[in-house]
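S.K.: Give me a model of this one.
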Amino acid sequence: MKILIGVLSIVIFLGLAFVASYDRKRIRAKPLLTLLGLQFFFAWVMLNSNAGRIVINGIVALFDELLKFAAVGINFVFGGLVNQNSFSFFFSVLMPIVFISALIGILQHWKILDLVIRVIGLLLSKVNGMGKLESYNAVASAILGQSEVFISIKKQLPQLSEQRLYTLCTSAMSAVSAAILAAYMQLIEPRYVVCAVVLNLFGGFIIASVINPYVVSGPDDVLSVKDTQQSFFEMLGEYILDGFKIAVIVAAMLVGFIALIAMANGLFMSVFDISFQHFLGYLFAPLAFLTGIAWHDSVAAGSIMATKLISNEFVAMQDLKSTLDTGRVLFDERSRAILSVFLVSFANFGSIGIICGTIRALDTNQGNSVARFGFKLLYGASLVSFLSATVVGLVL
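M.R.: Have a look, this model is predicted:
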């Protein structure tokens, strides 16, 4: 029954993408099936095989060590401000972003990331049926983030068609920045974070190839990650400050969104005797069930999924962590895996503004194009999350 529902769910999510397709006649089945097969292969290897567990445990151990290094700097600066035996979200989860960002800057300055992105992007271009630029962008988005990646291709932006621009934006919104992976790993199971990053990489191409099918023609050059002549210490200072800005911006977004959700919950409770998040849970419950979550947990899971869509992934991850810590809902291991993978992406309403604003700053006309398909972009990126979560539900 689990397999039957899972296969039917994949057909439904692909069908929802098909309904929104720009040109249904140009959808190509071969790359679509190949990418879907790769999703299942990597999901099974990462979650069910000994080799996959060894690799993921190694990645998690690496991030654990990086967090320890980050804690040295955090404790030196903020140690006296942290209450003993208490958990501070800003200091424990967000501030390590500063150190991770600096490390990414060093790897980028030494051209190590450039090589990794080019090699993986080239391999992806052989199977996704799209151009090298799309493949490069998908890998770069998972490392640099949804804003920074467009800076790396700013010279090509004016020449891009709206079809290619949609695919690039979908990849960016479906990915997450490497700088905040450690933050995610403190809120949800780390191995599901790693799994989601890989699955979303392929899922972005799958959904984009259905909603937005096209064949690349003309030049398809791949630019370097960043065209810059900065010295090492200029770069290091820039990335450290960028990491701090990200931490502060995320903190501000959390303060605002959590306060607004609390207000909405209060208003709904006073008028309808049900919280706003619980109300959204009923709306998202069928979608949660399709991903493989048991029906009796689907309302609670749907509430967390909806929270991620209307606010951001951090709010939803904190909600999931609080739910598990307090025992409000006893999700089984499979449901926790499905929910965790679903939450690891930038697919939310706020990301429309972030991507649109970034591209508009680089090219006004292309920024206006993104604004026109903004809701369709969120629709596609959300389907990527649902597809990745469903694949995990099937292999576990």
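S.K.: residue ranges for the helices of the stretch 51-200 of the chain, please.
M.R.: Ranges of helices in the stretch 51-200 of the chain, per DSSP state H, counting those that start in this stretch, are 89, 96-109, 112-125, 132-144, 148-151, 162-174, 181-185, 190-211.
S.K.: Which one of the ones you listed lies nearest to residue 25?
M.R.: Of all the helices of the stretch 51-200 of the chain, it is helix 190-211 that lies closest to residue 25, at 12.3 Å by C-beta to C-beta. Every C-beta, even on glycine, is put in place using the N, C-alpha and C of the backbone.
S.K.: average pLDDT for that closest one?
M.R.: The average pLDDT for helix 190-211 rounds to 94.
S.K.: before we move on, back to that, identify whichever of the helices of the stretch 51-200 of the chain lies nearest to residue 368.
M.R.: Each of these was checked against residue 368 via C-beta to C-beta, and the shortest separation belongs to helix 162-174, namely 10.4 Å.
S.K.: Okay, now stretch 169-183: how far is its last residue from its first?
M.R.: Looking at stretch 169-183, the gap from its leading to its trailing residue is 23 Å under the measure C-alpha to C-alpha, to the nearest Å.
S.K.: May I see the buried residues of that stretch?
M.R.: Of the residues in stretch 169-183, those with enough neighbours to count as buried (16 or more other C-beta atoms under 10 Å) are 169-183.
S.K.: Provide the secondary structure category for the most centrally placed residue in the chain.
M.R.: The structure's the chain has its C-alpha centroid closest to residue 345; by C-alpha atoms, centre = their mean the separation is 1.8 Å. Under the three-state scheme (DSSP: H, G, I helix; E, B strand; the rest coil), residue 345 adopts coil.
S.K.: any idea how far it is from residue 60?
M.R.: Residue 345 sits at a distance of 19 Å from residue 60 (criterion: C-beta to C-beta, to the nearest Å).
S.K.: And for stretch 120-136, what's in contact with it?
M.R.: Judged by C-beta atoms under 8 Å, 6 or more residues apart in numbering, the contacts made with stretch 120-136 from elsewhere in the structure are 28, 30-32, 34-35, 38, 117-118, 137-140, 153, 156, 164, 167-168, 171, 201, 205, 208-209, 216, 220-223.
S.K.: Filter the residues you listed down to the buried ones.
M.R.: Neighbour counting with 16+ other C-beta under 10 Å marks 31-32, 34-35, 38, 117-118, 137-140, 153, 156, 164, 167-168, 171, 201, 205, 208-209, 216, 220, 222 as buried within these.
S.K.: Any regions of the protein where pLDDT drops low?
M.R.: By pLDDT under 70, the weakly predicted segments of the chain are 80-87, 217-228.
S.K.: now the strands: where do they sit in it?
M.R.: Listed in chain order, the strands found in the chain under DSSP state E amount to none.
S.K.: Now render the helices of the stretch 51-200 of the chain as TSV, adding distance to residue 367.
M.R.: Shown next, in TSV, are those (distance: least, C-beta to C-beta, whole Å):
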stretch	distance to residue 367
helix 89	33
helix 96-109	25
helix 112-125	24
helix 132-144	17
helix 148-151	10
helix 162-174	10
helix 181-185	28
helix 190-211	19
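S.K.: closest to residue 314 out of those helices?
M.R.: helix 181-185 (7.6 Å).
S.K.: For the longest helix anywhere in the chain, what is the distance to the chain centroid?
M.R.: Among the segments of the chain that qualify as a helix by DSSP state H, the longest is helix 232-272. Here helix 232-272 shows a centroid-to-chain-centroid distance of 16 Å under the convention C-alpha atoms, centre = their mean, to the nearest Å.
S.K.: going forward can the numbers begin at 702, since that is how I track them
M.R.: Got it, first residue is 702 now, which makes that one helix 933-973.
S.K.: Next, the angle from it to helix 797-810.
M.R.: Using axes from the mean of the first three to the mean of the last three C-alpha atoms, to 10 degrees, the inter-axis angle of helix 933-973 relative to helix 797-810 is 140 degrees.
S.K.: Run a quick neighbour tally on residue 835.
M.R.: Other residues near residue 835 number 24, with proximity taken as other C-beta atoms under 10 Å.
S.K.: Tell me the spacing between it and residue 717.
M.R.: For residue 835, the distance to residue 717 (C-beta to C-beta) stands at 22 Å.
S.K.: before we move on, what about residue 1093?
M.R.: Note on residue 1093: its distance to residue 717, by C-beta to C-beta, is 19 Å.
S.K.: ok, so of the buried residues of stretch 870-884, who is nearest residue 799?
M.R.: Ranking these by separation from residue 799, with C-beta to C-beta as the measure, puts residue 880 on top at 8.9 Å.
S.K.: The closest one is in contact with residue 846, isn't it?
M.R.: Yes - counting by C-beta atoms under 8 Å, a contact exists between residue 880 and residue 846, whose distance comes to 6.7 Å.
S.K.: measure the nearest residue to residue 859 once chain neighbours are set aside to residue 754 for me?
M.R.: Computed as C-beta to C-beta, 6 or more residues apart in numbering, the closest residue to residue 859 that is not its neighbour in sequence is residue 1064, at 5.4 Å. Distance check for residue 1064 against residue 754: by C-beta to C-beta, it reads 44 Å.
S.K.: For these two, indicate the residue with more neighbours.
M.R.: When residue 1064 and residue 754 are compared on other C-beta under 10 Å, the one with more neighbours turns out to be residue 1064, at 19 against 14.
S.K.: Just the C-alphas of stretch 796-814, formatted as PDB.
M.R.: Coordinates of each C-alpha in stretch 796-814 appear next as PDB, following Å, rounded to 0.1, in the frame of the first residue of the first chain:
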ATOM      1  CA  MET A 796      26.100  32.900  14.600                       C
ATOM      2  CA  PRO A 797      28.000  29.900  13.300                       C
ATOM      3  CA  ILE A 798      26.900  31.100   9.800                       C
ATOM      4  CA  VAL A 799      29.600  33.800  10.100                       C
ATOM      5  CA  PHE A 800      32.400  31.100  10.300                       C
ATOM      6  CA  ILE A 801      30.900  28.900   7.600                       C
ATOM      7  CA  SER A 802      30.600  31.900   5.300                       C
ATOM      8  CA  ALA A 803      34.300  32.800   5.900                       C
ATOM      9  CA  LEU A 804      35.300  29.200   5.100                       C
ATOM     10  CA  ILE A 805      33.300  29.200   1.800                       C
ATOM     11  CA  GLY A 806      34.900  32.500   0.900                       C
ATOM     12  CA  ILE A 807      38.400  30.900   1.400                       C
ATOM     13  CA  LEU A 808      37.500  27.900  -0.700                       C
ATOM     14  CA  GLN A 809      36.100  30.200  -3.400                       C
ATOM     15  CA  HIS A 810      39.100  32.500  -3.400                       C
ATOM     16  CA  TRP A 811      41.400  29.500  -3.900                       C
ATOM     17  CA  LYS A 812      39.100  28.400  -6.900                       C
ATOM     18  CA  ILE A 813      38.300  25.000  -5.200                       C
ATOM     19  CA  LEU A 814      34.600  25.700  -5.300                       C
END
